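Trainee: Predicted model, plus sequence, below.
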Amino acid sequence: MTAPFISARVRRTGVALGAMSAGLLALSACDKPTPLATVTVGTDSVHSEAACYNHGKSVGTEAALDKCLNDTSGRKTVSVSTDDEIHFGVDPEIADNGWTFYIEGQRVEPEPDKNTYRTFPAEVFFSSQTGEPITAVSLSIVETSEKERAVTGVWNFQLKKKSRS
């Protein structure tokens, strides 16, 4: 009995097609990663994945938004002194939709911004109307969608005031 003869070229093509099929199958099983938000103070940067993200669709009801804003599981902490500048950066996907800040769960800007990068003096986040000292601030970067007229993503950070030594 003789074995059928398959040329090396046909074998290589078959192996390449098999590898490509396996790669596509593996990729189809993966979820698309969420865009990142970054906070930088001096040379220290922290990146955060979204506490809630729905790829351009609403994260849900007001109660769902509150849950996202209060999620501490992935919250990143940045230490700052009041004379530092804080740099905020978001992936272009977030900027395309627009984003704003929430401090302690409250929206602080009337309109979303569409820039990928913004800078503020740290003292802005640590000033108090009552004169009480503030040592830490929960800050969320919130993506909005004009089309959906809803919140579509939340990234949580904590700004912690450095003690003067």
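Mentor: That came through, no problem. Numbers count the residues shown, from 1 in each chain.
Trainee: now the strands: where do they sit in this structure?
Mentor: 37-41, 44-48, 52-53, 76-80, 85-90, 99-103, 106-107, 117-121, 136-145, 150-161 (DSSP state E).
Trainee: Same list (these) but as a markdown table, adding mean neighbour count.
Mentor: Placement of C-beta: from N, CA and C, glycine included. Formatted as a markdown table, the strands of the chain follow (neighbours: other C-beta atoms under 10 Å):
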| stretch | mean neighbour count |
| --- | --- |
| strand 37-41 | 21 |
| strand 44-48 | 14 |
| strand 52-53 | 21 |
| strand 76-80 | 17 |
| strand 85-90 | 19 |
| strand 99-103 | 19 |
| strand 106-107 | 12 |
| strand 117-121 | 13 |
| strand 136-145 | 21 |
| strand 150-161 | 22 |
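Trainee: Using CSV, lay out those strands together with mean pLDDT and distance to residue 67.
Mentor: What follows is the strands of the chain, written out as CSV (pLDDT from 0 to 100; distance: least, C-beta to C-beta, whole Å):
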stretch, mean pLDDT, distance to residue 67
strand 37-41, 95, 18
strand 44-48, 91, 17
strand 52-53, 91, 8
strand 76-80, 93, 18
strand 85-90, 96, 21
strand 99-103, 94, 13
strand 106-107, 91, 15
strand 117-121, 95, 26
strand 136-145, 92, 12
strand 150-161, 94, 9
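Trainee: Same list, the ones you listed, but as TSV with distance to residue 129 please.
Mentor: Output for the strands of the chain, formatted as TSV (distance: least, C-beta to C-beta, whole Å):
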stretch	distance to residue 129
strand 37-41	24
strand 44-48	28
strand 52-53	29
strand 76-80	20
strand 85-90	20
strand 99-103	12
strand 106-107	13
strand 117-121	17
strand 136-145	14
strand 150-161	17
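Trainee: From residue 89, how far off is residue 136?
Mentor: For residue 136, the distance to residue 89 equals 22 Å [C-beta to C-beta, to the nearest Å].
Trainee: before we move on, what about residue 57?
Mentor: 24 Å.
Trainee: for residue 145, same thing?
Mentor: Residue 145 is 20 Å from residue 89, by C-beta to C-beta.
Trainee: same deal with residue 143?
Mentor: 13 Å.
Trainee: Show me whatever sits in contact with both of the two.
Mentor: By C-beta atoms under 8 Å, 6 or more residues apart in numbering, residue 143 and residue 89 have no common neighbours.
Trainee: Stretch 147-155: how far from the chain's middle?
Mentor: 12 Å (C-alpha atoms, centre = their mean, to the nearest Å).
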